[in-house]
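Novice: Whatever this is, show me its structure:
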Amino acid sequence: MEATGSSISPPSSPEPEHKKAPPLFVTPVVKDDEGRKIKRTMRTTDRLQDLIDFYYAMVPTVPPGKGVFRYRGKRVDGERTPADCKMEDGDQIDFFPEMKPSMFISLELRDPEGHSFTRTVRRSDRMQDLIDYYYAIVPDPMESRFIFDSRLIRGEETPMNLEMEEGDVIVVVHCFPLRPQRNLSGMSMSTFLDYLS
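Specialist: As a prediction, the model looks like this:
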């Protein structure tokens, strides 16, 4: 039998894909805590510092250099560009006029056995709460002293009084009372070490 007149055409080559050229301009939006939205079209190769400076010029009630600009949860580096950050039109940069210290702070206790315990407390909590936490969590705890910034911590002190920052470390030193007890609260580190020897 003879084939009928259907012809088979060679496979067609796919159309060449045109890569979309990166945009030359972008319009990010700076939004602050008072709901102001400041927009500025800029080249994608401009430094973000230009946008930061523009915000300060538009909102004279905010002193230049005060506050924090954040994009996608990260602090904005003024030396980077919108292209570096892959910004698109309408992307929002949040401005916070002032970073207030958190009411809470996480502190770490380290003991001689190499244990590390982290606990979040309020800045106004008594340090005795943290000391009691250590004694409650450690099996068979020894009598210990708690040292921060080369000085003994007293139970009635607070993280605020001690000017503690997030992640500060408190060193736990075990005591071996070989002599009559002495009030060690507020004793300097050198006096304490002399007392132990």
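
Novice: Quick one: residues in contact with stretch 50-68.
Specialist: Contact partners of stretch 50-68, identified using Cβ atoms under 8 Å, 6 or more residues apart in numbering, comprise 28, 30, 32, 36, 38, 40, 42, 69, 75-76, 78, 93, 95-99. Bear in mind the C-beta positions are built from the backbone N, C-alpha and C, glycine included.

Novice: for this protein, which spans come out with low pLDDT?
Specialist: 1-18, 99-102, 176-189, 192-197 (pLDDT under 70).

Novice: So which residues of it form strands?
Specialist: Remark: strands assigned in the chain by DSSP state E are 25-26, 29-32, 37-39, 42-43, 68-71, 74-75, 92-96, 104-110, 116-122, 144-148, 151-152, 169-174.

Novice: Compile those into TSV and extend it with columns for mean neighbour count and distance to residue 82.
Specialist: As requested, the strands of the chain are exported to TSV (neighbours: other Cβ atoms under 10 Å; distance: least, Cβ to Cβ, whole Å):
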stretch	mean neighbour count	distance to residue 82
strand 25-26	18	5
strand 29-32	17	12
strand 37-39	14	13
strand 42-43	16	7
strand 68-71	16	10
strand 74-75	9	14
strand 92-96	17	10
strand 104-110	16	35
strand 116-122	14	37
strand 144-148	18	44
strand 151-152	16	49
strand 169-174	17	40
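
Novice: Can you redo those as TSV, where the extra columns are distance to residue 135?
Specialist: As requested, these are arranged in TSV below (distance: least, Cβ to Cβ, whole Å):
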stretch	distance to residue 135
strand 25-26	57
strand 29-32	46
strand 37-39	53
strand 42-43	58
strand 68-71	39
strand 74-75	39
strand 92-96	39
strand 104-110	11
strand 116-122	11
strand 144-148	8
strand 151-152	16
strand 169-174	10
